[in-house]
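1. here are the coordinates; sequence isn't available:
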Ligand SMILES: C[S@@+](CC[C@H](N)C(=O)[O-])C[C@H]1O[C@@H](n2cnc3c(N)ncnc32)[C@H](O)[C@@H]1O
């Protein structure tokens with residue numbers, strides 16, 4: 001096609017600069033600024049995933065398409081593509097290439113991005129590409145305008161891919177760039193960097209790594225799991241410290257690390273999931289990512305979703321449930337954790353999920369650490385749990401978090417037998433608290449054994465006496481001795497209770 005080649009060569013020569021390779025052609029002496037294959041691999045991955053999800057070819061919009069490299073590839077994969085650029089020479093070349101590839105469904109428009117975006121209709125495009133151009137839009141139209149236009153776009157498309165110039169590059173001083181490149185994308189609920197790509201040609205930019213971001217309000221993306229459809233998003237009330245995404249049977253959490261304490265919480269959570277994930281229906285951990293770049297540090301993980309209502313919702317709705325059963329199940333978790341040296345620091349109705357089949361699961365793992373002396377409210381896993389029992393038994397009366405401290409035991413007295421009450425108060429420091437509490441509340445036989453050897457011995461003597469039919473002096477003395485032991489024990493308990 002020598003004629004075409006000549007025409008193409010002339011069109012290439014007319015360009016202000018050649019940013020991309022020419023789709024399907026080698027033009028002698030034309031050396032593009034970027035080798036685009038690295039980014040093309042990312043685009044293809046997302047194109048394929050979304051196309052599989054929607055079960056059809058995609059409608060693609062390429063903003064600032066330059067020489068149409070990505071537009072033409074997307075069309076080659078089957079997409080119906082619109083490429084736009086405000087540089088007429090680019091669009092002339094793109095149209096020539098489109099003519100050469102007449103089987104592709106690709107259309108090129110010469111216009112400004114800021115003029116075009118307001119005309120986009122919801123659902124008109126599935127995938128939007130927007131690479132290395134927003135700094136120019138921001139220069140001419142202002143950052144806030146661009147940010148608002150992108151927020152609007154976020155509601156109208158499935159996925160946007162953005163490669164962003166950074167303020168830290170230091171060469172776009174007049175482009176109104178934000179300190180944090182992610183500020184361009186605040187309208188999208190899920191943002192992740194797919195890759196950092198180097199620019200090769202200009203020596204002053206050779207060191208620069210630009211983030212290529214996946215941004216969407218509809219999907220989360222992970223290499224190993226693909227696209228996860230977002231059903232709901234929960235942003236922590238105090239700023240976007242944590243963002244939780246509910247995605248079908250998967251739960252995604254992004255923890256933005258703002259300080260050391262936050263880092264500790266995120267680490268505890270991951271640590272817990274690594275230890276207990278998959279045990280007795282606890283969520284399996286699929287992915288953990290520690291990310292750090294100039295936009296900040298974040299820990300991301302994906303785990304199983306536990307479907308159900310929080311216990312707090314159930315209580316607030318005034319729904320009926322077996323309260324002792326809830327206490328029993330929650331205590332079972334505490335026993336399991338304690339066996340392996342873990343303690344939950346924030347046991348509460350908002351942190352427990354009540355599933356449709358009546359199972360209770362803990363869902364906050366940030367506070368599960370290796371010390372029973374908590375850094376949190378009440379400063380003791382034990383006190384907190386006793387208080388939790390009170391709250392579950394009398395939610396109307398006691399506010400979970402403002403219970404006066406001594407009440408945790410006094411109130412409990414109303415709900416358990418005097419014997420149970422004394423035994424709870426007498427749990428020794430060297431015993432496993434939750435295991436012991438479980439025995440006292442739910443396993444009377446084991447409790448009797450654990451409580452005092454003396455009681456079991458008296459029982460054994462009395463059984464023997466009834467078997468042989470006579471009680472000797474020696475038996476009397478043995479029993480009296482054991483009774484003294486019990487009295488001593490009860491004295492200690494009374495002292496502890498007063
Ligand atoms: C640095 S190039 C990036 C090209 C391509 N997106 C890539 O990353 O391979 C920026 C392109 O956007 C175009 N452009 C810049 N500002 C624009 C605007 N406000 N509206 C439309 N196109 C614009 C330029 O003409 C240029 O082709």
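-> Structure received. Please read all numbers here as calculations on a predicted model, not as lab measurements.
2. who in this protein is up against the ligand?
-> Residues of the chain lying close to the ligand by Cβ under 6 Å from any ligand atom are 19-20, 34, 36, 64, 66, 85-87, 90, 112-114, 131-133, 136-137, 163. (Each C-beta comes from the backbone N, C-alpha and C, glycine too.)
3. if we go to 8 Å?
-> Within the chain, the positions near the ligand by Cβ under 8 Å from any ligand atom are 16, 19-20, 33-34, 36, 39, 62-67, 69-70, 84-87, 90, 111-116, 129-133, 136-137, 140-141, 163.
4. buried ones among the residues you listed?
-> The neighbour-count test (16 or more other Cβ atoms under 10 Å) applied to the residues of the chain next to the ligand identifies 19-20, 33-34, 36, 39, 62-67, 69-70, 84-87, 90, 113-114, 116, 129-133, 136-137, 141, 163 as buried.
5. can you pull the poorly scored residue ranges out of the stretch 251-400 of the chain?
-> Within the stretch 251-400 of the chain, the ranges that satisfy pLDDT under 70 run 373-379, 395-400.
6. what's the burial count for residue 265?
-> Applying other Cβ atoms under 10 Å, we find 21 residues neighbouring residue 265.
7. nearest residue to it in space, please, no chain neighbours.
-> Nearest non-adjacent residue to residue 265, counting by Cβ to Cβ, 6 or more residues apart in numbering: residue 366, 4.1 Å away.
8. repeat that for residue 286.
-> residue 302 (4.4 Å).
9. with residue 133 instead?
-> The shortest distance from residue 133 to any non-neighbouring residue, by Cβ to Cβ, 6+ apart, is to residue 64 (3.1 Å).
10. my guess is residue 102 is in a helix, correct?
-> No. If the criterion is DSSP: H, G, I helix; E, B strand; the rest coil, then residue 102 is coil and not within a helix.
11. look up how far the ligand lies from it.
-> 23 Å (Cβ to the nearest ligand atom, to the nearest Å).
12. next up, phi/psi of that residue, please.
-> The phi and psi values for residue 102, taken as degrees, to the nearest 10, are phi -60, psi -20.
13. and the helices in the stretch 101-250 of the chain?
-> 113-116, 134-141, 143-154 (DSSP state H, counting those that start in this stretch).
14. now render the ones you listed as a markdown table, adding mean pLDDT.
-> Shown next, in a markdown table, are the helices of the stretch 101-250 of the chain (pLDDT from 0 to 100):
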| stretch | mean pLDDT |
| --- | --- |
| helix 113-116 | 98 |
| helix 134-141 | 96 |
| helix 143-154 | 98 |
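15. which of those sits closest to residue 388?
-> Smallest distance to residue 388 across those (Cβ to Cβ): 40.8 Å, for helix 143-154.
16. may I see the buried residues of that closest one?
-> 143, 146-147, 149-150, 153-154.
17. mind checking how far that helix is from the chain centre?
-> Remark: helix 143-154 is offset 25 Å from the chain centroid, using Cα atoms, centre = their mean, to the nearest Å.
18. tell me what it is packed against?
-> helix 113-116, helix 134-141, strand 159-163 (3 or more Cβ pairs under 8 Å, 6 or more residues apart in numbering; DSSP states H and E).
19. who touches stretch 343-357?
-> 306-312, 314-315, 321, 326, 330, 333-334, 337, 360-364, 367-372, 374-377, 381, 384-385, 388, 391-392, 395, 400-401 (Cβ atoms under 8 Å, 6 or more residues apart in numbering).
20. actually stretch 11-28, sorry about that
-> Stretch 11-28 is contacted from outside by 5, 8-9, 30-36, 66-70, 72-73, 87, 89-90, 92-93, 96-97, 100-101, 132, using Cβ under 8 Å, 6+ apart.
21. check stretch 261-272 too.
-> 241, 253, 255-257, 285, 288, 297, 299, 301, 342, 365-369.
22. most neighbours among those, which one?
-> residue 365 (27 neighbours).
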